[in-house]
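Visitor: sequence first, then the predicted structure:
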Amino acid sequence: MFKTVYIVELHENCWIAPISGDPGRTIVQNHAQHFKTESAAKAALTKARKYRPFKNARIYAVTE
């Protein structure tokens, strides 16, 4: 069965990743951190914006 998760693109081809950083980032979409809910993804983006504005950030729903 498929489930929907959410990933956060901070800017073009740069994703929040489950590694250390401010925030941790990757350029490989498959390595992006998966969030169980959209609100969890929004919270991660809010936290990331404490370091940089990421004005063009987007949240995507992904089926895995």
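Guide: On my side now, so go ahead.
Visitor: for the protein, which segments count as strands?
Guide: For the chain, applying DSSP state E gives strands covering 4-11, 14-16, 25-26, 58-63.
Visitor: the ones you listed: which one's closest to residue 35?
Guide: Nearest to residue 35 among the strands of the chain is strand 4-11 (4.4 Å), distances taken as C-beta to C-beta. (C-beta placed from N, C-alpha, C; glycine too.)
Visitor: send the alpha carbons of that closest one over as CSV?
Guide: The C-alpha trace of strand 4-11 is given here as CSV (Å, rounded to 0.1, in the frame of the first residue of the first chain):
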residue,chain,number,x,y,z
THR,A,4,1.8,10.1,1.2
VAL,A,5,4.7,11.9,2.9
TYR,A,6,5.9,15.5,2.5
ILE,A,7,9.3,16.9,1.5
VAL,A,8,10.5,20.5,1.7
GLU,A,9,12.4,22.1,-1.2
LEU,A,10,14.2,25.1,0.2
HIS,A,11,15.2,26.4,-3.2
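Visitor: buried stuff in it?
Guide: In terms of neighbour count (16 or more other C-beta atoms under 10 Å), strand 4-11 has its buried residues at 5-10.
Visitor: count of neighbours near residue 39?
Guide: 10 (other C-beta atoms under 10 Å).
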